[in-house]
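S.K.: everything below, folded, please.
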Amino acid sequence: MDKVNKKLISILVPVFNEEDNIIPLYTRVLDVMAQLVDRYDYEFVFTDNHSTDRTFERLEKLSKLDKRVHVYRFSRNFGFQRSIYTGYYNAKGHAAIQLDCDLQDPPELITEFVRYWEEGYQVVYGIRQTRKEGWVINRIRNVFYWLIDILSEDILPRDAGDFRLVDRRVINELRKIDDYQPYLRGTIAAMGFKQIGIPYDRAERMHGKSKFSLGGLFKLATDGILNHSIIPLRISTFTGLTISLLTFLGILGYFFGKLFLGKEWPAGFATTTTLILLSLSLNALFLGIIGEYLGRIYQQVKKRPMTIIESEINPQAKTDVNETDWNVRPQAPQREKA
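M.R.: Residues are numbered from 1 along each chain as shown. Alright, predicted model coming up:
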């Protein structure tokens, strides 16, 4: 195939304090892409969430040796999902593959992703069959996937992370979405198009520690559920109606017993206390759910940038990008002048 006609594949790598994983990831991806180099060109798009170790320093050195390495460093840590979104935004490939820097997702699967892409699939994602993580965290993840499967109004694949190949057609649609708190794996799954999942075994992290704390996983789970469902709001509505109905029936029963049966109802401290606590708990729970949705609306209307790019190394030229396909860009990452 003529070099000028080769399609381009973008390898998107969000990083945060991954200094020991940069070179191992780079070399493994090079080995994999060597099998495809007769048909495809490729580029690396690293998005750095303002790492505090030597991650950016190593990316800077790597980018001087390899001009295919593009690096975008944010002004602060904007979170994992926004980092991925910025990678998609700056990718100029005909397809983009998101890959975590910790190498738990095997780069060797890229060739299989590309094979399905060549067969016409516009989204090819990995399904995690096994994980090398603790029993507790695995159970928590299972509960999350079960919950989002029940609550979501969209069909979302279970045990699928962000390790996936996405066609340019899907990326262009993704860029039109104005969502300050994105949950990309769900958003892409809900878009439709021709999709397929590829099972694989997730490896153990070799260097460094996971940046996802329990709180981070909870936030991701909350984003996933609230981005794809209003069922929690409906649950609060139906629960409120049910309790109101039971309360009304209880009042009727009280008056009926008092007026027609001559019953004397002793004041029950425990019963009263229990009912008050139950009432307060339900109010707090459902106000919290409503608050989560309102909070997202509030952040959305403020129109803050998704990310702010502090530094760029080997940025893609604007003329390289097919601007005619990118009609709407409401959440364009902002760039700071040096």
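
S.K.: name the nearest residue to residue 243, sequence neighbours excluded.
M.R.: residue 282 (6.8 Å; Cβ to Cβ, 6 or more residues apart in numbering). For glycine as for every other residue, the C-beta is placed from the backbone atoms N, C-alpha and C.

S.K.: ok, now residue 77?
M.R.: Leaving aside its chain neighbours, residue 77 sits nearest to residue 49 (4.4 Å; criterion: Cβ to Cβ, 6+ apart).

S.K.: list the contacts for that neighbour?
M.R.: 14-16, 74, 76-80, 83 (Cβ atoms under 8 Å, 6 or more residues apart in numbering).

S.K.: please report phi then psi for residue 81.
M.R.: Backbone geometry at residue 81, expressed as degrees, to the nearest 10, gives phi -70, psi -40.

S.K.: burial measure for it, as a count.
M.R.: Per other Cβ atoms under 10 Å, the neighbour tally for residue 81 reads 23.

S.K.: three-state assignment of the closest residue to it other than its chain neighbours?
M.R.: Sequence neighbours aside, residue 182 is the residue nearest to residue 81 in space, at 5.0 Å (criterion: Cβ to Cβ, 6+ apart). What DSSP: H, G, I helix; E, B strand; the rest coil gives for residue 182 is coil.

S.K.: can you check residue 312 too?
M.R.: For residue 312, the secondary structure call by three-state DSSP comes out as strand.

S.K.: check the gap between it and residue 198 for me.
M.R.: 33 Å (Cβ to Cβ, to the nearest Å).

S.K.: kindly report the same for residue 144.
M.R.: Residue 144 is 21 Å from residue 198, by Cβ to Cβ.

S.K.: avg pLDDT for the one helix or strand residue 142 maps to?
M.R.: Taking DSSP states H and E as the definition, one finds residue 142 inside helix 135-151. Per-residue pLDDT values over helix 135-151 give a mean of 72.

S.K.: are any of the contacts of residue 49 buried, and if so which?
M.R.: Among the contacts of residue 49, those classed as buried by 16 or more other Cβ atoms under 10 Å are 14-16, 74, 77-80, 83.
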